[in-house]
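**Q** my questions are about this predicted structure, shown below with the sequence.
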Amino acid sequence: MRLRHAAAALVLLAALPAASQTLPQGEALTRAVAARDAEFFDLFFQGCDPARIETMLTPDFEMFHDKAGMVAAGAAGFVADYAKACEARKKPDAWRSRRELVASSLKVEPIPGYGAFEEGDHLFYERQGDGPEKLAGRAHFVQVWKLTADGWQLARVFSYSHQAAE
């Protein structure tokens, strides 16, 4: 009987959100989320590692965009689209983009037992091939990060108020 209770307790513990680990507080939380944000967007726009991107997303990842609509309804489809974009960027004359966080706009708030909200503005730059980079536009975003046993994973992205560069 004891073994059955111990097994049931282990199953219950395993079902608890991994984010029940202690969240960093204050500036430590902001630094942790900002570092993961930078890692994700550098890899997404300038790198090409679909397997790594997948580890940075929750399986139920969703992304909403004010111009493109619901861009992602699950990590698997998002990663497949990313892999195709990676291949397209390998062409010498392909368009390449870069995202830059506006550091002064960054706000991070904890979500107890889950992770954090991240909010701010970002700028987008683009270039064709090895041509000069130019500012293409800006937007506002809110992202939900989940703290798991494997680290911070992106769960939701809301990207809106897109404006073309002047």
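**A** Nice, I can see it.

**Q** which residues sit against the helix ranked longest in the chain?
**A** Assignment by DSSP state H gives helix 26-46 as the longest helix of the chain. Under the criterion CB atoms under 8 Å, 6 or more residues apart in numbering, residues 23-24, 49, 52-53, 56, 82, 96-99, 101, 106, 108, 110, 116, 118, 122, 143, 145, 151-152, 154 lie in contact with helix 26-46. Heads up, the C-betas are built off the backbone N, CA and C, glycines and all.

**Q** could you pull out the strands in this structure for me?
**A** 57-65, 69-73, 95-101, 107-111, 115-128, 134-148, 151-164 (DSSP state E).

**Q** buried stuff in the fifth one?
**A** Applying a neighbour-count criterion of 16 or more other CB atoms under 10 Å, the buried positions in strand 115-128 are Gly115, Ala116, Phe117, Glu118, Gly120, Asp121, His122, Phe124, Tyr125, Glu126.

**Q** what's the closest of those residues to Arg89?
**A** Nearest to Arg89 among those: Glu126, at 11.5 Å, using CB to CB.
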